[in-house]
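*Asks:* prediction below, plus the sequence it came from.
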Amino acid sequence: GSELLIANADVFYEQTLLDKAFECSEAAFLVNDTSRVETGDYFFLTESGAIVKYGKELGLDERDSEYVGFAFLRGEWVSRFRRRLNEMVEEGRYDLWWENVLYSFVDDGSQKVNTLDVAGEFWAEVDTLPDYERILNYVNEKLAEA
């Protein structure tokens, strides 16, 4: 069947994180990290692994994880995503991100959008020089261990 991995280009992650995504049996999920709640860029509140709230502005009591930056879809979800994306483009909703296609299913309650928790895996968004330096330090430590 069809499989689609959509990833933001500004996220560093290791092969082990990607392996977890390919091993996950969910038909559609966004990757999250429950070890990152207090600080971060974009957050989720989940219920039994499904997204119930999402956003940059969620209060501390409204979030249980940070969004990592990629999604995995398989089977019917690939065509469901494509149909909804086309609808949104036809409506002229050009101010949105690709993730908003998936969030639209959360908003209208038509489909559950699940998450895959990768707490404990190293990943980092590359937005600032300190982000980049943290990644370099991590990679250098891994190379020194090898």
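*Replies:* Arrived safely.
*Asks:* now do the strands in this protein.
*Replies:* 3-7, 11-13, 28-33, 43-47, 50-55, 65-74, 114-117, 123-125 (DSSP state E).
*Asks:* so how far is the last one off the chain centroid?
*Replies:* Just to be clear, that refers to strand 123-125. Distance of strand 123-125 from the chain centroid (C-alpha atoms, centre = their mean, to the nearest Å) equals 11 Å.
*Asks:* what's the answer for the longest one, then?
*Replies:* The offset between the C-alpha centroid of strand 65-74 and the centroid of the whole chain comes to 2 Å, using C-alpha atoms, centre = their mean.
*Asks:* if we can go back for a sec, export the strands of the chain to JSON lines and tack on mean pLDDT and mean neighbour count?
*Replies:* Using the backbone N, CA and C atoms, a C-beta is placed for each residue, glycine as well. Formatted as JSON lines, the strands of the chain follow (pLDDT from 0 to 100; neighbours: other C-beta atoms under 10 Å):
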{"stretch": "strand 3-7", "mean pLDDT": "94", "mean neighbour count": "13"}
{"stretch": "strand 11-13", "mean pLDDT": "95", "mean neighbour count": "18"}
{"stretch": "strand 28-33", "mean pLDDT": "97", "mean neighbour count": "24"}
{"stretch": "strand 43-47", "mean pLDDT": "97", "mean neighbour count": "19"}
{"stretch": "strand 50-55", "mean pLDDT": "97", "mean neighbour count": "17"}
{"stretch": "strand 65-74", "mean pLDDT": "96", "mean neighbour count": "23"}
{"stretch": "strand 114-117", "mean pLDDT": "97", "mean neighbour count": "20"}
{"stretch": "strand 123-125", "mean pLDDT": "94", "mean neighbour count": "18"}
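*Asks:* output the ones you listed as CSV; include the columns distance to residue 90.
*Replies:* Converted to CSV, the strands of the chain look like this (distance: least, C-beta to C-beta, whole Å):
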stretch, distance to residue 90
strand 3-7, 20
strand 11-13, 29
strand 28-33, 22
strand 43-47, 28
strand 50-55, 24
strand 65-74, 20
strand 114-117, 27
strand 123-125, 31
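*Asks:* mind listing what's buried along the lengthiest helix in the chain?
*Replies:* The longest helix of the chain (DSSP state H) is helix 129-145. Neighbour counts over helix 129-145 (16 or more other C-beta atoms under 10 Å) mark residue 135 as buried.
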